[in-house]
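> Give me a 3D structure for the following:
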Amino acid sequence: MKKNIWSGMAVRRGLAAVCALAMSATMMAGCGKKDEASGTDAAQSGSEQAQSASEQAQSASEQEQSASEEVFTVGIPQDLDSLDPHIAQSAGTREVLFNIFEGLVKPDENGNLNPAIASEYEISDDATEYTFTIRDNVLFHNGNTVTADDVVASLQRYKDTGASIFEDVASIEKVDDTHVKVTLSTGNTEFLSYCTVAIMPKDIEDAETNPIGTGPYKFVSRTAMENLVVEKFDDYWDTDNAAHIKNVEFKVEANPDNIVADLEGGSIDMYARVTSSQAGQLSDSFDIYEGEMNLVQALYVNNAVAPFDNELVRQALCYAIDPQEIMDFVSDGAGVEIGSAMFPSFGKYFDESLNDTYNQDVDKAKELLAQAGYPDGFTFTVKVPSNYTPHIDTAEVIAEELEAIGVTVKIQKIEWNTWLEDVYGNKDYEATVVGFDASTLNASALLYRYTSDAHNNMFNYSNADYDKAFAAAQATVDDAEQVEYYKECERILSETAAAIYIQDLPEFVALNSKYTGYTFYPLYVQDIAKIKLAE
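Next up is the predicted model:
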């Protein structure tokens with residue numbers, strides 16, 4: 001059945017309905033003038049029409065109210081790893097908590113950082129002091145007003161978790177009742193993007209079971225491995241961006257084979273990141289929004305485990321694969337090839353020329369393997385999260401491509417929580433296929449994890465030149481110079497084959513056509529406040 005594919009944020013629906021309403025209104029206005037000249041009968045007719053119109057309006061209002069009471073159900077691929085925004089790790093968790101929590105600033109769909117809990121801010125010339133003015137009359141979901149003390153406590157709480165992006169924070173202090181100043185030990189022009197850190201009440205006792213934020217939705221309940229329920233926060237400070245739908249459930253859909261059936265059956269109304277195949281199976285009851293996932297999908301290898309501790313082996317794998325062939329199989333050709341740890345929506349940092357560092361060359365790949373001491377190839381295991389079909393499909397294509405150079409790939413599908421613990425946490429793996437996103441709107445969010453001593457360096461990658469370039473990027477307050485240092489980091493990752501980089505996956509979002517308003521962000525975000533009933 002034919003589908004309508006809507007691209008990015010350029011979705012426009014309901015035009016025909018609007019025109020039909022306008023035509024109907026014009027016709028009724030003309031009839032009213034004619035009846036007015038007909039005396040008593042016309043007046044009676046007009047009265048009846050007015051009564052009918054009033055009844056129709058009331059009926060429409062009642063229908064709208066009834067619809068607003070319905071539960072809008074969003075399918076998510078895995079359970080949340082935490083409801084505490086200061087310790088949550090998974091991108092899938094952060095994109096949900098975006099609806100509950102806000103920081104001093106907040107990203108929008110265009111990649112801007114807009115004032116949020118802070119109504120304004122000042123940055124010193126050397127980028128070591130950031131002073132924030134706390135917005136008046138912002139309420140927490142418990143009804144209390146946000147104060148400077150809450151902001152100080154929240155930022156300090158986040159720093160105390162050991163968060164790497166707050167390592168250089170020397171002090172967090174309350175200047176007065178409406179101002180908070182953050183002082184850094186070294187200048188950092190990117191620090192504003194880190195200030196999306198969730199602001200919570202200073203006396204919050206258990207954010208894990210009773211999360212309290214300031215966002216357009218407030219927490220109602222959570223059942224582990226099943227769902228998270230939220231409802232519209234009626235006292236949300238940003239009335240222009242308040243939620244339209246009252247009741248929302250994020251429902252765990254751990255089995256990708258059930259997604260189409262659950263959408264069509266009505267148990268879920270929306271699912272982000274359906275595959276192109278799943279999108280094609282859906283009926284005309286759904287609109288498909290197409291964008292990019294804004295992540296770096298790759299075959300990530302453990303650089304500390306043989307044979308991947310050998311740069312020649314990693315380079316051989318890069319020459320053996322064809323990203324376009326992978327995209328053709330996984331997403332009908334959609335997606336954007338990437339040659340390093342950066343995706344295109346981070347415009348000034350993205351270096352498209354790195355896509356050509358390795359063009360598929362099977363003979364070159366075999367030659368490098370022979371030089372590395374593996375003339376007959378080798379066998380390794382790829383651990384892939386079982387709830388992410390695109391990553392599984394990608395691993396299967398890679399396995400076929402590597403056969404040409406004598407390398408055998410065993411694919412092991414594991415549950416998401418197991419992947420988090422074993423692969424991400426304990427680095428117990430040879431290789432994996434996943435995608436890494438950026439938690440904040442800056443290049444270091446993607447590149448920091450490759451520094452030798454990074455706490456989240458699950459790749460065990462270590463390169464002195466890389467560390468030096470990254471440190472230089474962090475130290476400068478000159479934007480152009482910083483961009484060049486970050487691009488140097490990307491070149492080093494590409495040339496040393498820190499991973500076998502593939503693509504920024506396409507994102508297909510299935511939304512029941514009863515609703516509209518889905519909006520893509522340059523970060524992992526599901527902004528449910530923008531979803532509303534279609535007219």
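> what about Tyr466, distance to Asp262?
For Tyr466, the distance to Asp262 (C-beta to C-beta, to the nearest Å) stands at 44 Å. To be clear about C-beta, it is placed using only N, CA and C from the backbone, and glycine gets the same treatment.
> And His179, by the same measure?
In this structure, His179 and Asp262 are 49 Å apart, going by C-beta to C-beta.
> mind listing the strands for the stretch 101-250 of the chain?
In chain order, the stretch 101-250 of the chain shows strands spanning 105-107, 113-115, 118-123, 129-134, 169-176, 179-184, 217-223, 227-232, 247-252, with DSSP state E, counting those that start in this stretch as the criterion.
> partners of the second one in the sheet?
Think strand 113-115. strand 105-107 (antiparallel) (DSSP bridges).
> got a list of contacts for the strand it pairs with?
Residues from elsewhere that reach strand 105-107 (C-beta atoms under 8 Å, 6 or more residues apart in numbering): 113-116, 118, 121, 192-193, 195-196, 441, 521-523, 525.
> do stretch 445-453 as well
Applying C-beta under 8 Å, 6+ apart, the set of residues contacting stretch 445-453 from outside is 164-165, 193, 296, 341-343, 346, 436, 438-439, 454, 456-459, 461-464, 466-467, 470, 486, 489-490, 493, 498.
> And it, what's buried?
Along stretch 445-453, the positions that meet the burial threshold by neighbour count (16 or more other C-beta atoms under 10 Å) are 445-451.
> Next step: the residues you listed restricted to strands.
Of the buried residues of stretch 445-453, none are assigned to strands by DSSP state E.
> Please flag which of the residues you listed sit within helices.
Counting by DSSP state H, these place 445-447 in helices.
> want to throw those residues into TSV with pLDDT and distance to Tyr289?
Compiled in TSV, these are given as follows (pLDDT from 0 to 100; distance: C-beta to C-beta, whole Å):
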residue	pLDDT	distance to Tyr289
Ala445	92	24
Leu446	96	24
Leu447	97	29
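> returning to what we had before: now, of the contacts of strand 105-107, which are buried?
Members of the contacts of strand 105-107 classed as buried by 16+ other C-beta under 10 Å are 113, 116, 118, 121, 192-193, 195-196, 441, 521-523, 525.
> Please name the bridge partners of Asp176.
His179.
> number of nearby residues for it?
8 (other C-beta atoms under 10 Å).
> For it, give its distance to Val182.
Per C-beta to C-beta, Asp176 is found 15 Å from Val182.
> Output stretch 440-450 as CSV, nothing but the C-alphas.
As requested, the backbone C-alpha atoms of stretch 440-450 are provided in CSV (Å, rounded to 0.1, in the frame of the first residue of the first chain):
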residue,chain,number,x,y,z
THR,A,440,25.4,17.9,24.0
LEU,A,441,25.7,20.2,21.1
ASN,A,442,29.5,20.3,20.8
ALA,A,443,32.2,18.2,19.1
SER,A,444,33.8,17.0,22.3
ALA,A,445,30.6,15.1,23.1
LEU,A,446,31.6,12.7,20.3
LEU,A,447,35.3,12.9,20.5
TYR,A,448,36.2,12.9,24.2
ARG,A,449,35.5,9.2,24.6
TYR,A,450,38.6,8.4,22.5
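> and that stretch, how far from the chain's centre?
14 Å (C-alpha atoms, centre = their mean, to the nearest Å).
> Which other helices and strands does the host helix or strand of Phe72 contact?
Using DSSP states H and E, Phe72 sits in strand 71-76. Contacts defined by 3 or more C-beta pairs under 8 Å, 6 or more residues apart in numbering; DSSP states H and E place strand 71-76 against strand 247-252, helix 259-265, strand 270-274.
> Let me have the ones you listed in TSV, adding distance to Ser221 as columns.
Conversion of the helices and strands packed on strand 71-76 to TSV gives the following (distance: least, C-beta to C-beta, whole Å):
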stretch	distance to Ser221
strand 247-252	9
helix 259-265	21
strand 270-274	20
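> Name the nearest residue to Asp84, sequence neighbours excluded.
Distance criterion C-beta to C-beta, 6 or more residues apart in numbering; nearest residue to Asp84, sequence neighbours excluded, is Ala207 at 4.0 Å.
> and the one you found, how many residues sit next to it?
When neighbours are defined as other C-beta under 10 Å, Ala207 has 22 of them.
> Model confidence score at it, please.
At Ala207 the predicted local distance difference test score is 95.
> next one: Thr147
Among the per-residue scores, Thr147 holds a pLDDT of 98.
> now Ala254
Looking at Ala254, its pLDDT is 88.
> how about the spatially closest residue to it that is not a sequence neighbour, what does it touch?
Take Ala254 and drop its neighbours on the chain: the residue closest to it by C-beta to C-beta, 6+ apart is Asn387, 5.2 Å away. Residues near Asn387 by C-beta under 8 Å, 6+ apart: 77-78, 254-256, 415-416.
> Okay, and Asn387 sits in which element?
Element membership of Asn387 [criterion: DSSP H and E] is none; it lies in no helix or strand.
> separation between it and Leu368?
Looking at Asn387 against Leu368, where the rule is C-beta to C-beta, the gap reads 34 Å.
> Then Val336?
26 Å.
> Filter the contacts of stretch 445-453 down to the ones in helices?
Within these, residues falling in helices by DSSP H are 193, 464, 466-467, 470, 486, 489-490, 493.
> Name the nearest residue to Lys202, ignoring sequence neighbours.
Distance criterion C-beta to C-beta, 6+ apart; nearest residue to Lys202, sequence neighbours excluded, is Ala153 at 3.6 Å.
> oh sorry, the question was meant for Arg135
Ser119 (4.1 Å).
> Pull the number of nearby residues for that neighbour.
The criterion is other C-beta under 10 Å. On that basis, Ser119 has 14 neighbouring residues.
> I'd guessed it sits against Val138; true?
No. With contacts counted by C-beta atoms under 8 Å, Ser119 stays clear of Val138, the gap being 9.1 Å.
> can I assume Phe380 sits in a helix?
No. Assigned with DSSP: H, G, I helix; E, B strand; the rest coil, Phe380 falls outside any helix and is strand.
> what's near enough to touch Lys218?
Here Lys218 is in contact with 100, 141, 212, 230-233 (criterion: C-beta under 8 Å, 6+ apart).
> bridging residues for it?
Beta-bridge pairing of Lys218, defined through DSSP bridges, involves Glu231.
> Give me the neighbour count for Ser185.
11.
> Kindly report the same for Asp177.
As a burial measure, the neighbour count of Asp177 was computed by other C-beta under 10 Å and equals 9.
> Neighbour count: Val336 and Leu368, which is higher?
When Val336 and Leu368 are compared on other C-beta under 10 Å, the one with more neighbours turns out to be Leu368, at 24 against 18.
> I'd say the more buried one and Cys318 touch.
No. Assessed by C-beta under 8 Å, Leu368 is found out of contact with Cys318, at 9.2 Å.
> Out of the contacts of Asn387, which sit inside strands?
If you go by DSSP E, the contacts of Asn387 have nothing in strands.
> can you redo those as CSV with distance to Ala395 and neighbour count?
What follows is the contacts of Asn387, written out as CSV (distance: C-beta to C-beta, whole Å; neighbours: other C-beta atoms under 10 Å):
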residue, distance to Ala395, neighbour count
Pro77, 16, 19
Gln78, 18, 21
Ala254, 18, 16
Asn255, 18, 12
Pro256, 14, 19
Glu415, 16, 13
Trp416, 15, 19
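> Tell me the one among the residues you listed nearest to Ala272.
Taking C-beta to C-beta as the measure, Ala272 lies nearest Pro77 of the contacts of Asn387, at 8.8 Å.
> What distance do you get for Leu295 to Ser119?
Following C-beta to C-beta, the distance that separates Leu295 from Ser119 is 32 Å.
> now swap in Ser452 and tell me
Relative to Ser119, Ser452 is positioned 40 Å away (criterion: C-beta to C-beta).
> helix/strand/coil for the residue nearest to Phe520 when sequence neighbours are not counted?
Nearest-residue entry for Phe520: Gly291, 3.9 Å, with adjacent residues in sequence omitted and distances by C-beta to C-beta, 6+ apart. Following three-state DSSP, we place Gly291 in the strand state.
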